[in-house]
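Peer 1: Let me see the structure of the following:
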Amino acid sequence: MPRPISRVHLESGLKLDLNDLVREGSVRQSASITTPISWSNNYTGDKIASGFITAHTNGPDEGWFPNEGRLDIEIGDLKQRISMISRPRHFGGRQWYFICPSMGRHVSVLWKPPGAREFACRQKWGRLVAYSSQCSAWTDRAHRGKARIKARLCSLGGFDPAEWEFPPKPKWMRWRTYLEAKSKFDRYRGMLNRGAAQALAKLRLVLPA
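Peer 2: Okay, the predicted model is just below:
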């Protein structure tokens, strides 16, 4: 049985993943870019929030040190500025990180849980929040995983969720990213299929022949 928990689910709020923003072209080296951003319900696909982000990574032109930047967020009444910094990768190039506004940590993901007034790193929220996976059985986690992957692909590709179990590759998504998503989706589907087979086998044991 999943253990009872009264903490707020992080996934019910808003998430900023810097690696996703870079892959989607919303953050680019030596550029200032304004792009729309939105968040949808993982299950229904309904939009829950939307706004704009402006990423500045052209350091010296703005009077900053090289390899520094910022992300300006505007979502309804929320206006927040988040500093960014890039670090060299071992295999070449640079990796961008958010600097958490509350704790100064270098992180790739920031969260705004339901009821919060700003984005901050997971550590900022402490035991006030929990991931949904901490509060659900493995079948719930598998269903959530499938729904999350499907919703993201449909959102990026403009597909109707009702028409696809697993959507086609969005136009600008890299094949490697798409195949990784498909592999995860298939693992979740396999978990559910095995669970259904095990449940059926147990049912046959208790039913009269």
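
Peer 1: and the end-to-end length of stretch 88-95?
Peer 2: End-to-end distance for stretch 88-95, by CA to CA, to the nearest Å: 6 Å.

Peer 1: can you give me the strands for the chain?
Peer 2: 8-9, 14-17, 32-40, 47-56, 68-75, 78-88, 94-99, 106-107, 109-112, 129-130 (DSSP state E).

Peer 1: strands paired with the second one, and their directions?
Peer 2: Within its sheet, and counting by DSSP bridges, strand 14-17 is paired with strand 109-112 (antiparallel).

Peer 1: average model confidence for the partner strand?
Peer 2: Mean pLDDT, computed over strand 109-112, is 89.

Peer 1: swap in stretch 192-200?
Peer 2: In this model, stretch 192-200 has a mean pLDDT of 62.

Peer 1: what's the answer for stretch 157-169, then?
Peer 2: Average pLDDT, stretch 157-169: 87.

Peer 1: mind listing what's buried in it?
Peer 2: For stretch 157-169, burial by neighbour count (16 or more other CB atoms under 10 Å) applies to Gly157, Phe159, Pro161, Pro167, Lys169. C-beta: built from backbone N, CA, C; applies to glycine.

Peer 1: check contacts around Lys124.
Peer 2: By CB atoms under 8 Å, 6 or more residues apart in numbering, the contact set of Lys124 is Cys100, Ser102, Met103.

Peer 1: Pretty sure the last one sits against Ala120.
Peer 2: Pointing back at Met103 there. Yes: counting by CB atoms under 8 Å, Met103 touches Ala120, with 7.1 Å between them.

Peer 1: More neighbours: which of these two?
Peer 2: More neighbours surround Ala120 than the other of Met103 and Ala120, with 22 against 12 (other CB atoms under 10 Å).

Peer 1: is that one in a bridge, and if so with what?
Peer 2: Bridge pairing for Ala120 - DSSP bridges - gives Trp111.

Peer 1: separation between it and Ala147?
Peer 2: Separation of Ala120 from Ala147 (CB to CB, to the nearest Å) stands at 26 Å.
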